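J.: model the following, please.
(chains A and B)
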2 protein chains.
Amino acid sequence: MWMCTNCRHLEVAVERPERCPLCGVPAEKFVKYEASQVKGTRTLQNLQNGFVAESKAHVRNLAFALKAEQEGYSQIAKLFRAIAESEGVHAFHHLQLLDAVANTQENLQAAFERENLARKTYPDFIRDANDEGDTATATVFSYHRDVEREHAKLYEKALEHMLAAKDSEYYVCSVCGYVADGAIPDQCPVCGASSEQFRRVA
Amino acid sequence: MWMCTNCRHLEVAVERPERCPLCGVPAEKFVKYEASQVKGTRTLQNLQNGFVAESKAHVRNLAFALKAEQEGYSQIAKLFRAIAESEGVHAFHHLQLLDAVANTQENLQAAFERENLARKTYPDFIRDANDEGDTATATVFSYHRDVEREHAKLYEKALEHMLAAKDSEYYVCSVCGYVADGAIPDQCPVCGASSEQFRRVA
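T.: Below you'll find the model as predicted:
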């Protein structure tokens, strides 16, 4: 991360930016910004809380946009998508300031470890839902558990072949979130949805 | 929301689905599913925790994708985007099961109220960051505060003119998240970024 010494803009980049996108000053006005060195404990907590709030707002607005489309309010749907994107920019700032984005190899490793955690969490969720007689929610949770297991495999494969030249497509099942690598299956192996339910990832 | 009585698939829709996207049974196999009536307290808490975790994972993966692109790993970037989309599907399920998506008028009202909360939170964050000598983070928080204020205005306007036919574009400042309504400003009124930093919302 780089900080503009003129306007204090923080730029997320590996290389020194050519010029500041805000105030326009040239590259030499940027200094390396090590977020971890300058944060106090309250600010660290605020960044974490802010990251959660902005991430939730991002997803919530996308859901509201879908609902607005279903109800025929396409302009309001567009507004929700716009604000979702804005909240996404903010969530991203928090993440950067928390130093939570490392290099790609480390990011893959961190993502892989988080998936393993998620896989251990969903079985508890499923048990609770069944205990409480909520079989529909238990079913949804079981999709999530199975999909997270597949995520872990995809990350593992990527870690092994990090530098290999590969150019394949990914397709996401819109019913359960399963990620297919390379080709759309006839049926989703997790939830059984038909091939039309898959969306190609841009 | 609708539940397929054959495979227990939950379908997020206003109208009864024509057929189940999973098992293919016709419309009459669907019953109205009132999430709020069937959840136990542990499941409710699990849904809330799951919503937070999946929302964070969604945003984190998008950030990792951006980093991978910057480092030249375009295939890994695509994988991160695919898994981000998958986590988004899961976050969306949680939100639905929490009954957190109402009709569009209520969603706008809820979103408006949440923005007012966010506007009250950021001034505290700014004060903490300044107290702790972290002026760069204070600057980022001040962008967020100003942008959230504008979100509230956009929601207010949408609530007033809910049913009016309007077809305008929104543009989001990629530096601070400011949402411009109708036209790209020469300079972002919040952070001062130039017009090239704005992205049109699809």
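J.: quick one, phi/psi of residue A:169?
T.: phi -100, psi 150 (degrees, to the nearest 10).
J.: I misspoke; the intended subject was residue A:10.
T.: phi -100, psi 130.
J.: and it, how far is that from residue A:150?
T.: 35 Å (CB to CB, to the nearest Å). (Each C-beta comes from the backbone N, C-alpha and C, glycine too.)
J.: can you give me the end-to-end distance of stretch A:23-41?
T.: Using CA to CA, to the nearest Å, one end of stretch A:23-41 lies 30 Å from the other.
J.: what sits up against that stretch?
T.: A:1-7, A:9-11, A:16-20, A:47, A:96-99, B:128-129, B:131-134, B:136-137, B:192, B:194 (CB atoms under 8 Å, 6 or more residues apart in numbering or on different chains).
J.: try stretch A:50-61
T.: A:80-81, A:83-85, A:87-88, A:90-91, A:94-95, A:98, B:51-52, B:54-56, B:58-59, B:88, B:91-92, B:95, B:100, B:111, B:114, B:118, B:121, B:125, B:141, B:144.
J.: going along the chain, name the helices of chain A.
T.: A:35-38, A:41-70, A:74-97, A:104-131, A:135-160 (DSSP state H).
J.: figure out which of these is closest to residue B:73.
T.: helix A:104-131 (5.1 Å; CB to CB).
J.: the closest one vs chain B: in contact?
T.: Yes. Interface with chain B: helix A:104-131 contributes A:104, A:107-108, A:111, A:114, A:118, A:121, A:124-125, A:128-129, A:131 (CB under 8 Å from any CB of the partner chain).
J.: most surrounded residue in those residues?
T.: residue A:129 (26 neighbours; other CB atoms under 10 Å in any protein chain shown).
J.: ok, for that residue, nearest residue in space, not its chain neighbours?
T.: residue A:138 (3.8 Å; CB to CB, 6 or more residues apart in numbering or on different chains).
J.: most centrally placed residue in chain A?
T.: residue A:55 (8.7 Å; CA atoms, centre = their mean).
J.: by mean pLDDT, point me to the weakest helix or strand of chain A.
T.: Every helix and strand in chain A was compared by mean pLDDT, DSSP states H and E; the lowest is helix A:35-38, with a mean of 61.
J.: TSV for the helices of chain A, including distance to residue A:167?
T.: Below are the helices of chain A laid out as TSV (distance: least, CB to CB, whole Å):
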stretch	distance to residue A:167
helix A:35-38	34
helix A:41-70	28
helix A:74-97	27
helix A:104-131	17
helix A:135-160	13
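J.: okay, the ones you listed, which one's buried deepest?
T.: Sort those by mean neighbour count, taking mean count of other CB atoms under 10 Å in any protein chain shown, and helix A:74-97 sits at the top with a mean of 24.
J.: and stretch A:191-202, what's buried?
T.: A:191-194, A:197-198, A:201 (16 or more other CB atoms under 10 Å in any protein chain shown).
J.: repeat for stretch A:11-30
T.: A:11-12, A:17, A:20-23, A:25, A:29-30.
J.: state the distance from residue A:145 to residue A:192.
T.: From residue A:145 to residue A:192 the distance is 15 Å (CB to CB).
J.: then residue A:102?
T.: 37 Å.
J.: what's near enough to touch the spatially closest residue to residue A:98 that is not a sequence neighbour?
T.: Counting by CB to CB, 6+ apart, residue A:98 lies nearest to residue A:47, which is 5.1 Å off, once chain neighbours are set aside. Shown in contact with residue A:47 (CB under 8 Å, 6+ apart): A:39, A:94, A:97-98, B:137.
J.: hmm, 10 Å instead?
T.: A:35, A:39, A:93-100, B:125, B:129, B:134, B:137, B:140-141 (CB atoms under 10 Å, 6 or more residues apart in numbering or on different chains).
J.: same thing with residue A:69?
T.: Residue A:69 neighbours (CB under 10 Å, 6+ apart): A:76-78, A:80-81, B:104.
J.: same thing but 8 Å
T.: Residue A:69 touches residue A:77, counting by CB under 8 Å, 6+ apart.
J.: next: residue A:102.
T.: With CB under 8 Å, 6+ apart, residue A:102 has these contacts: residue A:110.
J.: state the phi and psi torsions of it.
T.: Residue torsions, per degrees, to the nearest 10, at residue A:102 are phi -100, psi -150.
J.: just the pLDDT for it.
T.: Residue A:102 carries a pLDDT value of 90.
J.: distance check, it against residue B:58.
T.: From residue A:102 to residue B:58 the distance is 18 Å (CB to CB).
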